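Q: Need coordinates for the below:
(2 chains)
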Amino acid sequence: MNNLWLTFKKGLVEENPVFVLALSLCPALAVTASVITSLTMGLSVMFVITANNMVVSLSRKIVNPKVRVPVYITSIATIVTVVQLSLQAFAPALYKALGIYLALIVVFAIILARAEVFASKNKVIPSMVDGLGMGAGFCLALVIIGCIRELLGNGSLLGIPIIGDWYDPALIFILPAGGFMLIGYMVAGWKMWTTHMEKKKAERGEA
Amino acid sequence: MEYMTLFIGAVVVNNFVLTKFLGLCIFFGVSKNLSASAGMGMAVTAVMTLSSMLAWLVYNFVLIPNGLEFMKTAVFVLLIASFVQLLEMIIKKQAPALYNMWGIYLLLIATNCIVLAVPLEMAEGGLSFLMTVVYAIGSGLGFALAIILMASCREKLRLADVPKSLEGLGIAFILAGMLALAFLGFSGMI
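A: Below is the predicted model:
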């Protein structure tokens, strides 16, 4: 149980797909102009990565290692199509807002990476937990970025105005340029924080 | 005129990297070195054009007649991945020097969003064959332009004194943001 928690936590902080591994950055910028699209994207990816880890882990003894990558890609593409069709049916507005980026989940490096690094070598339950953790880390990063961009760029959260009329929204945060710069500072901040924590840990270890 | 608008739109106004955020892995991965960036830009343009043509043929002659449009994501991914694999084998045999230069990045193109995006947008917008080709070339050149600009800036940056935590990816992102700001000037041109 403890191990599972560690597997989960690893994806959330230490190996956060966006801030630390710098994988799958395209969606982290493209859909984060508002919170709701960020959340939808994050949850979709979380579902795809968990389901795919499950499939890969279940089939790891049947699939010949030589053809594993095409098998992974087929599996991912199928799951993404399921997500696409469900969103199109139940939330057409969101489907439209995410546009092409939803289909592009297929080529997220993080999903293939988890299948290759973790799910192809581990049992089903840990693989799914790993997928959940990585997915949650991804979702968390997207929602944080989405909150900052929507709040500063539009003065609202989830479409509800938060800051009063006195605030003149800084439009740049919704624009691509602001997205890039914000991520730059966030990557730097994340790096500062983790090095600080490590230093603290080392000090405590010595004392 | 229509083709011109599509082309210019793809190169600068809707630049794939700086306004649509596609192909960022390659964009940040390769742009440390100017000559590699130029090579990568050309590689992406070539792969994108060829694979979009292939995807157009498959989409219009196989998927639509059979009513399988919903399968496009899966079909395009597999199509492009196998096509790039083939291309890689050919280049490895015919031009080993070129192959050594790009190394793993040719494989990175295989499953990269930038190459998949053109076929998907082609399917969404119902572009004609010629328009797809023009759009793919324009998008590829737009990517090449962005990555070459970025690489030139990063080469200069090597001598700069960057704060410790901003080093590497952090400063690269801020640089990209400034480039995107510059490209914002093109919006509304067409």
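
Q: Skipping adjacent residues, who's closest to residue 83 in space?
A: You didn't pick a chain, so chain A it is. Using CB to CB, 6 or more residues apart in numbering or on different chains and skipping the chain neighbours, the partner closest in space to residue A:83 is residue A:44 (5.0 Å). C-beta: built from backbone N, CA, C; applies to glycine.

Q: Chain B, not that one
A: Per CB to CB, 6+ apart, closest to residue B:83 is residue B:51, 5.4 Å.

Q: ok, now how distant is the one you found from residue B:116?
A: 9 Å (CB to CB, to the nearest Å).

Q: same check, this time on residue B:153
A: Applying CB to CB to residue B:153 and residue B:116 gives a distance of 27 Å.

Q: number of nearby residues for the residue nearest to residue A:83?
A: Residue A:44 has 25 neighbouring residues, counting by other CB atoms under 10 Å in any protein chain shown.

Q: Dump the stretch of helix or strand it belongs to to CSV, restricted to CA.
A: Secondary structure from DSSP states H and E places residue A:44 in helix A:35-58. Only the C-alpha atoms of helix A:35-58 are listed here, as CSV (Å, rounded to 0.1, in the frame of the first residue of the first chain):
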residue,chain,number,x,y,z
VAL,A,35,-9.4,26.7,-16.4
ILE,A,36,-12.2,24.6,-17.8
THR,A,37,-10.4,23.6,-20.9
SER,A,38,-7.3,22.8,-18.8
LEU,A,39,-9.3,20.6,-16.5
THR,A,40,-10.9,18.7,-19.4
MET,A,41,-7.6,18.2,-21.1
GLY,A,42,-6.0,17.1,-17.8
LEU,A,43,-8.7,14.6,-17.0
SER,A,44,-8.8,13.2,-20.6
VAL,A,45,-5.0,12.6,-20.4
MET,A,46,-5.3,11.1,-17.0
PHE,A,47,-7.9,8.6,-18.3
VAL,A,48,-5.9,7.8,-21.4
ILE,A,49,-2.6,7.2,-19.6
THR,A,50,-4.3,5.0,-16.9
ALA,A,51,-6.3,3.0,-19.4
ASN,A,52,-3.3,2.6,-21.7
ASN,A,53,-1.0,1.5,-18.8
MET,A,54,-3.6,-1.1,-17.9
VAL,A,55,-3.8,-2.4,-21.5
VAL,A,56,0.0,-2.5,-21.9
SER,A,57,0.5,-4.1,-18.5
LEU,A,58,-2.1,-6.8,-19.2
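
Q: State the mean pLDDT of that helix.
A: Averaging the model's pLDDT scores along helix A:35-58 yields 87.

Q: What's the first helix or strand after the worst-scoring helix or strand of chain B on mean pLDDT?
A: Sorting the helices and strands of chain B by mean pLDDT, DSSP states H and E puts helix B:105-110 at the bottom, at a mean of 69. Downstream of helix B:105-110, the first helix or strand assigned by DSSP H and E is helix B:113-125.

Q: at contact distance from chain A, anything in that following helix?
A: Yes: Helix B:113-125 reaches chain A (CB under 8 Å from any CB of the partner chain) through B:113, B:116-117, B:120-121, B:124.

Q: which of the residues you listed count as buried?
A: B:113, B:116-117, B:120-121 (16 or more other CB atoms under 10 Å in any protein chain shown).

Q: from the residues of helix B:113-125 next to chain A, which two are the most distant?
A: B:113 and B:124 (14.7 Å; CB to CB).

Q: What number of neighbouring residues does residue A:196 come out with?
A: Neighbour tally, residue A:196, other CB under 10 Å: 11.

Q: where do the strands sit along chain A?
A: A:156-157, A:160-161 (DSSP state E).

Q: so which of those strands gets nearest chain B?
A: strand A:156-157 (22.2 Å; CB to the nearest CB).

Q: Can you give the distance from the closest one to the centre of its chain?
A: Its chain's C-alpha centre and that of strand A:156-157 lie 21 Å apart, by CA atoms, centre = their mean, to the nearest Å.

Q: What strands flank it, and is each parallel or antiparallel?
A: strand A:160-161 (antiparallel) (DSSP bridges).

Q: Now stretch A:186-202: buried residues?
A: Per 16+ other CB under 10 Å, stretch A:186-202 contains these buried residues: A:186-188, A:190-191, A:194.

Q: Near chain B, list only the ones from those.
A: A:187-188, A:191.

Q: which of those residues lies closest to chain B?
A: The closest of these, once distances to chain B are taken by CB to the nearest CB, is residue A:188, at 3.8 Å.

Q: ok, and the closest non-adjacent residue to the residue nearest the centre of chain B?
A: Residue closest to the average C-alpha location in chain B (CA atoms, centre = their mean): residue B:114, at 4.4 Å. Nearest residue to residue B:114 in three dimensions, chain neighbours excluded: residue B:23, at 3.2 Å (CB to CB, 6+ apart).

Q: Contact partners for that neighbour?
A: A:26, B:16-17, B:44, B:112-114, B:143 (CB atoms under 8 Å, 6 or more residues apart in numbering or on different chains).
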